[in-house]
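[1] Structural data only, the sequence is not supplied:
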C-alpha cells in the first residue's frame, strides 16, 4: 500500500506495437488502440482521443504524465494511461 | 414550457467558453445552488427577450452523456427528468469534431437544440472556414456564431431559442448505426417501458443499454419491473453477438458511427485550418510545463497566491474586526440587561463576527482561483503536480486546497471544488485539517513560548511538519480504506491560454462570498448562541463563589476612595479579583462542568479539565483557546505574549503536556465555521466522520506521546 506499485512496462501489447509511454517529442504517431474497460475508452473517445488520430508529443518526462497535441487540442495524459494507449509511427 | 417561460439547458464541453456565454446571457441575475444530493453546482438565471421569459440552467461541462463522472450523470438526469424546452450546446469553433460529439448525443434524446459556435473569431483567425447554412442543414440544428468574451451573437442565440420552441414539426435526424447495432436496437425498443416521448427517446435508451451504461440499466430496472430480466437477457445476447461478429464491443461501434456522422457533415461544410504555426499556448507551455521549471514556477505562483490572499487580506480583516468592536462597544452602552447584552455582544457578535472576519480571505482566494482557472493555468498546475500528488493517492489539483489550508481551512474546503472526482475531493478535504491553519498559530506561540522559550521557532516548525506527515499518512490510509478504488485515470484537456475576463472572476467571487455570509447568518449563528450558552449557564450566584469577592471588592473601593492606595494598585487588585470571579464563573458553567466530567477521558493524555475546556472553546475558533486559557488562569485581558499568563501555565503543566496540547490542537478538527462549510460541501455524514476521526486520531496520538514520554521525565 505504501510502496510504489511496480508494473512491468510493456513495450508491445495485444496490438503488437509500442505504447504511448515510449513516444518521444518531434515525431508523429497514430493511435491504433486503447486497452481498458469500455468506461475508459468511452471517455477517451468522447474527448477525441481515438484510433486513427495522429498526434505529437510536446512535453514528456519518463514515468510521469505526458502532454500531447491532437487535432489542435492539447491533452495531459497520466502515466498509467500512457501504458494503455497503443501507437505506431505515422 | 412551464408557467409560460422557456426552460433552456446550457450544455457544452469543458473549456468551450460556456461559463462566459452563461454570464453574457444572464448578467448578474444568477442563482447558485446545488443539484439535489450532489456537490455539483447548479447555476441558473432568467433573461427576458422579445416578450419571452427564458430561464437558463447552466449544466456542468461534460464531454459525453455516459455515466463516467458525477457531472455527466447530473447533466443527463437533468435533461431526462426536467425535459428542458431547448438545449443550447456551446461549441469551441476551433475543434468542431470533438465538440459536436456531445451535440449528436443530445440529438438522440430528441430535445430541440441550438448550436452555439463560440470563439468563432479565434477559429477564423486560424484559417477555419465553415458553411454555417449547409452544416446547420446537415445536422438538423440551427447554428449561431458567438464571441463570448466580447458578448457578440448573444441576441441571435436568444432569437434562435425562441424560434425552435415555436416550431411544431421539427425535422428529426437519426444517427445511422452499423447494421448489427440497428438490429439490436430494433429488438430492444419493444421491450422498453419508458414514458413515450416519441421514438427517439426509446432509441436513446436502447443505444445506452448497448453501451453498457449501468446508470441507465438501474433506472430501467425500477421502471420495467419484471420485464427487466427479459430485457437484460436480450441486451446481453445482443452485446455478445456484436462482439462475436464485429470483433469489438458495441460502445466502440456506436462512437465510431457518431463520429462518422459528424465527419460526414463536416467534410462537406467545413475547411480545416492550415495548421503548422506555433501559437502562444505552445510557447508558454514549453516553459510552464517544463520538466525542470514546472514545479518551481508552480511553487512561485502558489506563494504569490498565498501572499495575495493572506497578506493583502489582513487590511480588510482589520477593518471588519474594528467594525465589530465598535458595534460591541456601542451595544454595551445601549443594552442595560446583563444577560441580553452578553448574549448579543459575546455570543452573537463575537461568534458571527469571528466568522465573518474571514470574508476578505475568501473573496481574494476565489478571485485568484478564478484567474488561474480562466487563464488555463490550473490545468497545467494539475499536470505539473500530478506526479508528486499521485504518490500519496491524490490528484494534482489537490495541492491547491492543501496549500490554502495553511492559511484558513474554510476557504480550503471551498476550493476543493476544483477537484471533479468525488473521492479525490473527499480525501483532500479529510486531510486538509492537518495543514495547520493560521488561527492555530496563537496557541502554538503561547505554549511554545511558555515551555520552550529558547527554541520556540523550531518547536512550532515541528508541529507543522507533524501535520504534513499526518496528511500524507491519512491520505494513504483513507485511500486504502474508505475511499478505495482505482485512481481516476488522468486524462485532461489543456485548454488554450486565455486572458481571463474580469466580469467572470467577479461573479465567481461574489457567489462564494454570498454563500459564506449566508452560512454565517444561519448555522453559525445558532452554534454561536449554543456555545455562548454553554459557557454562560448555569450562572454562578453570589453564594457560590469560593471567597466573598463582592465585599473584598467593596473594601478595596473604600480604601481607594479614602486615599489609602494608589489608582494603579486599585485597578490591579480589582482586576485580580474579577479574574478569579471569571475563572469560577467558567468553572461553574456547563462548559466547566463538562470539562471536569470528561477529564478522566483526557487524563491518559496528561490534560486536566482546564485544557479540556480550552479545547471545547476551540471549537468556536481555534484562536479562542488562548483567551480561554487566560480566563481559566484568571487573568483579565491578555494576549498570547502576556508574561503572567505564561508563568501561571508554566507552573501548572510539564512541558511534555504543553507540547501534547499543541499536538492535540493541530490534529482535532478546525472550527465550527469550517465544519459548517464541510457539511455544505460534503454532507452531514462526511462532516461527522471528519469530526470523530480527527478527534479519535488526536486522542490516540497524544495518548501515545504522553504515555511514552512519561518514562523520560
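    Everything's here; your move. All values reported here derive from a predicted model rather than from experimental measurement.
[2] pLDDT weak spots in the stretch 451-600 of chain B?
    Applying pLDDT under 70 to the stretch 451-600 of chain B flags the ranges B:486-489.
[3] who's in contact with the residue of it at minimum distance from chain A?
    In the stretch 451-600 of chain B, the residue that lies nearest chain A is residue B:490 (2.7 Å; C-beta to the nearest C-beta). Using the backbone N, CA and C atoms, a C-beta is placed for each residue, glycine as well. Listed by C-beta atoms under 8 Å, 6 or more residues apart in numbering or on different chains, the contact set of residue B:490 reads A:65, A:76-81, B:386, B:390, B:395-396.
[4] Which of these fall in helices?
    A:79-81, B:386, B:390 (DSSP state H).
[5] from those, which would you call buried?
    A:79-81, B:386, B:390 (16 or more other C-beta atoms under 10 Å in any protein chain shown).
[6] Name the nearest residue to the residue of chain A found nearest chain B, sequence neighbours excluded.
    At 2.7 Å from chain B, residue A:78 is the closest residue in chain A, using C-beta to the nearest C-beta. Nearest residue to residue A:78, sequence neighbours excluded (C-beta to C-beta, 6 or more residues apart in numbering or on different chains): residue B:490, at 2.7 Å.
[7] for chain A, what spans make up the helices?
    Under DSSP H, chain A gives helices at A:38-46, A:79-82.
[8] Can you say which of these is nearest to residue B:352?
    Residue B:352 lies closest to helix A:38-46 among the helices of chain A, at 44.8 Å (C-beta to C-beta).
[9] now the ones in helices among the contacts of residue B:490 in JSON lines, with distance to residue B:280 and pLDDT?
    Below are those laid out as JSON lines (distance: C-beta to C-beta, whole Å; pLDDT from 0 to 100):
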{"residue": "A:79", "distance to residue B:280": "28", "pLDDT": "78"}
{"residue": "A:80", "distance to residue B:280": "31", "pLDDT": "78"}
{"residue": "A:81", "distance to residue B:280": "27", "pLDDT": "83"}
{"residue": "B:386", "distance to residue B:280": "24", "pLDDT": "82"}
{"residue": "B:390", "distance to residue B:280": "29", "pLDDT": "80"}
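[10] Low-confidence regions, the chain specifically.
    This is for chain A. For chain A, the ranges with pLDDT under 70 are A:1-16, A:37-39, A:60-63.
[11] Chain B, not that one
    In chain B, residues with pLDDT under 70: B:1-3, B:34-39, B:168-171, B:194-200, B:273-278, B:486-489, B:634-643.
[12] Residue B:543 versus the residue of chain B most remote from its centre, what's the distance?
    Computed with C-alpha atoms, centre = their mean, the residue of chain B farthest from its C-alpha average is residue B:562, at 63.5 Å. Counting by C-beta to C-beta, to the nearest Å, the gap from residue B:562 to residue B:543 is 28 Å.
[13] Do me a favour and get the end-to-end distance for stretch B:388-403?
    14 Å (C-alpha to C-alpha, to the nearest Å).
[14] residues in contact with it?
    A:4, A:78-79, B:295, B:302, B:305-306, B:369, B:378, B:381-387, B:412-413, B:415-416, B:418-419, B:421, B:424, B:427-429, B:431-432, B:435, B:471-472, B:475-476, B:479, B:487-488, B:490.
[15] Buried members of these into PyMOL, please.
    Burial among the contacts of stretch B:388-403 is assessed by 16+ other C-beta under 10 Å; the matching PyMOL selection reads:
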select buried, (chain A and resi 78+79) or (chain B and resi 302+305+306+369+378+381+382+383+384+385+386+387+412+413+415+416+418+419+421+424+427+428+429+431+432+435+471+472+475+476+479+488+490)
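[16] What are the neighbouring residues in contact with residue B:418?
    With C-beta under 8 Å, 6+ apart, residue B:418 has these contacts: B:369, B:373, B:378, B:397, B:400-401.
[17] Just the element for residue B:8, please.
    Using DSSP states H and E, residue B:8 sits within strand B:5-12.
[18] ok, and what's touching that strand?
    Residues contacting strand B:5-12 (C-beta under 8 Å, 6+ apart): B:1, B:18, B:21-22, B:25, B:46, B:52-59, B:61-62, B:75, B:78-79, B:82, B:84-91, B:99, B:102, B:106, B:116, B:118, B:161-162, B:165.
[19] in it, what's buried?
    Going by 16+ other C-beta under 10 Å, strand B:5-12 has these buried residues: B:6-12.
[20] can you give me the strands for the stretch 401-550 of chain B?
    Secondary structure of the stretch 401-550 of chain B (DSSP state E, counting those that start in this stretch): strands located at B:491-494.
[21] Quick check: residues of it near chain A?
    Listed as neighbours of chain A in the stretch 401-550 of chain B under the rule C-beta under 8 Å from any C-beta of the partner chain: B:476, B:480, B:487, B:489-496.
[22] Same list (the buried ones among the ones in helices among the contacts of residue B:490) but as CSV, adding distance to residue B:624.
    CSV is the format used below for those (distance: C-beta to C-beta, whole Å):
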residue, distance to residue B:624
A:79, 45
A:80, 46
A:81, 48
B:386, 39
B:390, 38
